[in-house]
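*Asks:* Starting from these lines, generate the structure:
(chains A and B)
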Amino acid sequence: MDWADELAASVSGPQVVNDSKTPSGTVHVGSLRGPVILDTITRALRARGIETTLLYGVDDLDPMDAQALLTPDAVEHEMGRPLAHVPDQAGDCHASYARHHAQVFIDTFAGLGILPDRYYWMSDIYPTGAIDPYIRLALDRAELVREIYRRVANVQHPAEWHPIGVICPTCGKVGTTIVTRWDGELVFYECRADHVTWARGCGASGWISPFGGNAKLPWNLEWAAQWGLFGVTIEPGGKDLSTAGGSRDRSAAIAREVFEIDPPLNVPYEFLNIGGKKMSTSKGRGASAHAFTEVVPPEQTRLLFLRPRPNSAIEFDPEGTDAVPRLFDEFDKLAAATAGREVKGELPAGYESIFRYSLLDPAADVAAEAAAFRADFGHLALLVQVPGVDVDGRVEAEKGSALTDRERAVLVERVRAARAWIATYAPERARMTVRDALPIEAGALEPDQRAYLAALAAAAEASPPVAGDGWQALIFSVAAGVGLANGRAFSAIYLAFLGRSNGPRAGWLLASLEPPFVLERLRDAADIKEVAR
RNA sequence: GGGCCGGUAGCUCAACGGCAGAGCAGCUGACUCUUAAUCAGCUGGUUGAGAGUUCGAAUCUCUCCCGGCUCACCA
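*Replies:* Numbers count the residues shown, from 1 in each chain, chains lettered A, B, ... in the order given. Alright, predicted model coming up:
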């Protein structure tokens, strides 16, 4: 995790960290990497005592260009209008489509411990006139802007094109208009039916003031204007923007040449791949943000995103793998190392920073968090599958003392995550089911194991064990009685009930089942191949 | 076509000019009540290919191959 601390060490003076997002739809997991990086940088700067402001912008004057979330009859009317002016399709009391979707990601950020000092909404900022100086510069230097587009991005705008998008006073659309003239106070706009393929303009035209919220700058100029307006010094960007000739290059050139300001330091970051592929909501469970956050709590999600350097792609495939348990294991290892406990294997450079920045609360007591007891995720994933098991009791026994409130909260979170993992991503081998009939795998039982199972059945019938620990004691005492090694005794039980040679604590497993069923199964398994022998 | 990232053990990654390593998985073994835990040990590599620089290359240079993402319309 040298990357964030190195970055923090390389700057001086107060910093303004910024990012902004178009609230066009739902957030998927991969898109959380940017915000986590943003937040990690902010924490690293503050850790060095650098005065830092974290801003997050909502580009809600951008035109509606995705019709997937619109009702069919709304498409014709709403496509191309600013997101801030589109009614909330969900009808759950938000002022607009933009407010609704922005709220979704603001909530997501808060859930990940990302707390910008301020959110700003472009639909609030334009009417104040704060952007007007930038609009004037852009229009006065329209030829320069067109030249930058040609030079930097190889994009050829018509000679009449001006870098401003008027919100059509007739139909309210911003995506459909083009400005062809500027007289120093007013612009001449046309709302064209065929300006873009995804929205249809109304055909209106006329002279209008581009100031005070009547118009918005095109994306690349708006970005540069934000940098100037807020004095942004650091802004990470996804690699889709950071490519040569891409948005970042254009906006940086516009900032320098048109607005005459220095663009912020870029921190380009790669994306999250699922099984070597870009994650997308249409490609199954691995990509579903909802399922992901159900299974991976905030601190582990932060760790996933901030551990690798931003410029390397993250390979993460939760589906049918142990990737999720391993993420927990790594978190626990970092905690142990930070607390000064001995850990197996190597530690990444700056492991304490990685742990600290992974914590949900930026003001958390790192030492206390590191020292807190956390139950092994893999173990929990088993425990939660045993009916009636006292998970809290088991975990406290493992710790050796009562859990603190904080530890109990962590446990609750992990138990929920473990259940969700078993229900969704977990590979079959992590799932444990008591077979309805004697498993075929029980054929592998050796004669001494079958004799043991028969003895266990007899002993259990003679004196029924009352609970998990009763069964557990009986399993051991019968094993000792017939002279069978404990390991082989346990695997005999697992084979008989689960069809596998290992499993969760056998006593509690048997105690959770109906006693007659247990006896019958033990005898069935004991009798198997008895004839053939 | 341009750009970026990557290719190291079965998997995820580290090492970034000085003996190729860790975790997990796998395999052995130990364990009379933490039994998918814990402990001890083992296996596993022509570092994508080729050339170059160097006393020395996974590491630097060049060429190529492969994978992925991304841009070239808008935001």
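
*Asks:* Closest residue of the stretch 251-400 of chain A to RNA strand B?
*Replies:* Going by Cβ to the nearest atom of the strand, RNA strand B is nearest to A:Gly345 of the stretch 251-400 of chain A, at 2.4 Å. To be clear about C-beta, it is placed using only N, CA and C from the backbone, and glycine gets the same treatment.

*Asks:* which residue packs closest to that residue, ignoring adjacent ones?
*Replies:* Of all residues not flanking A:Gly345 in the chain, A:Lys333 sits nearest, at 7.8 Å (Cβ to Cβ, 6 or more residues apart in numbering).

*Asks:* where's that neighbour, which helix or strand?
*Replies:* Per DSSP states H and E, A:Lys333 falls inside helix A:323-338.

*Asks:* List the buried residues in that helix.
*Replies:* Buried residues in helix A:323-338, defined by neighbour count with 16 or more other Cβ atoms under 10 Å: A:323-325, A:327-328, A:330-338.

*Asks:* now for it, which elements pack on it?
*Replies:* Packing partners of helix A:323-338 (3 or more Cβ pairs under 8 Å, 6 or more residues apart in numbering; DSSP states H and E): helix A:298-306, helix A:351-358, helix A:366-371, helix A:377-383, helix A:405-423.

*Asks:* chain center to the helix or strand just after the fourth one: distance?
*Replies:* It stands for helix A:377-383. Scanning forward in sequence from helix A:377-383 by DSSP H and E, the next helix or strand is helix A:391-399. Its chain's average C-alpha position is 30 Å from that of helix A:391-399, according to Cα atoms, centre = their mean, to the nearest Å.

*Asks:* Give me the contact list for helix A:391-399.
*Replies:* Residues outside helix A:391-399 that contact it (Cβ atoms under 8 Å, 6 or more residues apart in numbering): A:373, A:375, A:380, A:383-384, A:402-403, A:407-408, A:411, A:415.

*Asks:* May I ask which of those residues comes out lowest in pLDDT?
*Replies:* Within the contacts of helix A:391-399, pLDDT reaches its minimum at A:Leu383, with 81.

*Asks:* Report the next helix or strand after the helix-or-strand element of chain A with minimal mean pLDDT in sequence order.
*Replies:* Lowest on mean pLDDT, DSSP states H and E among the helices and strands of chain A sits strand A:277-278, with a mean of 64. Next in sequence after strand A:277-278, counting helices and strands by DSSP H and E, comes helix A:289-295.

*Asks:* excluding its backbone neighbours, what's nearest A:His157?
*Replies:* Leaving aside its chain neighbours, A:His157 sits nearest to A:Arg146 (5.1 Å; criterion: Cβ to Cβ, 6+ apart).

*Asks:* ok, the one you found to A:Arg250 distance?
*Replies:* 12 Å (Cβ to Cβ, to the nearest Å).

*Asks:* Those two - which one has more neighbours?
*Replies:* A:Arg250 (24 against 19; other Cβ atoms under 10 Å).

*Asks:* mind listing what the nearest residue to the more buried one once chain neighbours are set aside touches?
*Replies:* Counting by Cβ to Cβ, 6+ apart, A:Asn220 is the residue found nearest to A:Arg250 once chain neighbours are left out, at 4.4 Å. Contact partners of A:Asn220, counting by Cβ under 8 Å, 6+ apart, are A:247, A:250-251, A:254.

*Asks:* which of the residues you listed tops the neighbour count?
*Replies:* A:Ile254 (31 neighbours).

*Asks:* interface residues of the stretch 151-300 of chain A facing RNA strand B?
*Replies:* By the criterion of Cβ under 7 Å from any atom of the strand, the positions of the stretch 151-300 of chain A lying close to RNA strand B are A:153-155, A:157, A:165, A:175, A:196, A:218-220, A:222, A:239-241, A:243-247, A:268, A:270-271, A:273, A:276-278.

*Asks:* Find me whatever residue is spatially closest to A:Arg500, sequence neighbours aside.
*Replies:* What sits nearest to A:Arg500 in space, not counting adjacent residues and going by Cβ to Cβ, 6+ apart, is A:Tyr494, at 5.7 Å.

*Asks:* Please look at that neighbour and A:Arg505 and confirm they touch.
*Replies:* No: applying Cβ atoms under 8 Å as the test, A:Tyr494 and A:Arg505 come out as separate, 10.8 Å apart.

*Asks:* which SS state does A:Pro268 fall under?
*Replies:* strand (DSSP: H, G, I helix; E, B strand; the rest coil).

*Asks:* Do I have it right that it meets A:Asp240?
*Replies:* No: A:Pro268 lies out of contact with A:Asp240 (Cβ under 8 Å); the separation is 9.9 Å.

*Asks:* Compare those two (neighbour count), which wins?
*Replies:* A direct count of neighbours by other Cβ under 10 Å for A:Pro268 and A:Asp240 places A:Pro268 higher, at 15 against 11.

*Asks:* Contacts only, for the nearest residue to that one once chain neighbours are set aside.
*Replies:* Among residues not flanking A:Pro268 along the chain, A:Ser242 sits closest, at 3.8 Å (Cβ to Cβ, 6+ apart). Neighbour list for A:Ser242: A:248, A:266, A:268 [criterion: Cβ under 8 Å, 6+ apart].

*Asks:* can I get those in CSV with pLDDT?
*Replies:* Shown next, in CSV, are those (pLDDT from 0 to 100):
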residue, pLDDT
A:Arg248, 90
A:Asn266, 88
A:Pro268, 85
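
*Asks:* In the helix or strand A:Ile148 falls within, which residues are buried?
*Replies:* For A:Ile148, the host element (DSSP H and E) is helix A:142-153. Using 16+ other Cβ under 10 Å as the test for burial, helix A:142-153 gives A:142, A:144-146, A:148-149, A:152-153.

*Asks:* Show me the contact partners of that helix.
*Replies:* The contact list for helix A:142-153 (Cβ under 8 Å, 6+ apart) reads A:138, A:155-157, A:159, A:161-163, A:182, A:221, A:245-246, A:249-250, A:253-254, A:257-258.

*Asks:* Kindly tell me how buried A:Arg429 is, as a neighbour count.
*Replies:* A:Arg429: 9 neighbours (other Cβ under 10 Å).

*Asks:* On the three-state scheme, it is what?
*Replies:* Three-state call for A:Arg429 (three-state DSSP): helix.

*Asks:* Quick check: it vs A:Glu342, distance?
*Replies:* Distance from A:Arg429 to A:Glu342, by Cβ to Cβ: 29 Å.

*Asks:* cool, and A:Leu137?
*Replies:* From A:Leu137 to A:Glu342 the distance is 61 Å (Cβ to Cβ).

*Asks:* Give the residue from the two that has the larger number of neighbours.
*Replies:* Just comparing A:Leu137 and A:Glu342: by other Cβ under 10 Å the higher neighbour count belongs to A:Leu137, 21 against 6.

*Asks:* List the contacts of that one.
*Replies:* Contacts of A:Leu137 (Cβ under 8 Å, 6+ apart): A:258-259.

*Asks:* Name the helix or strand for it, please.
*Replies:* Counting by DSSP H and E, the element that carries A:Leu137 is helix A:132-140.

*Asks:* Now that helix: buried residues?
*Replies:* A:134-135, A:137-139.

*Asks:* Please produce CSV containing those residues, extended by distance to A:Phe105 and pLDDT.
*Replies:* Below are these laid out as CSV (distance: Cβ to Cβ, whole Å; pLDDT from 0 to 100):
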residue, distance to A:Phe105, pLDDT
A:Tyr134, 26, 96
A:Ile135, 28, 96
A:Leu137, 31, 96
A:Ala138, 29, 95
A:Leu139, 32, 96
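
*Asks:* Kindly indicate which of those residues lies nearest A:Glu190.
*Replies:* A:Leu139 (16.0 Å; Cβ to Cβ).

*Asks:* Quick check: nearest residue in space to that closest one, chain neighbours excluded?
*Replies:* With Cβ to Cβ, 6+ apart as the criterion, A:Leu139 has its nearest non-adjacent residue at 4.5 Å, and that residue is A:Trp182.

*Asks:* Quick check on A:Arg181: phi, psi?
*Replies:* A:Arg181 adopts backbone torsions of phi -150, psi 150, taken as degrees, to the nearest 10.

*Asks:* With A:Glu315 instead?
*Replies:* Dihedral pair for A:Glu315: phi -100, psi 120, per degrees, to the nearest 10.
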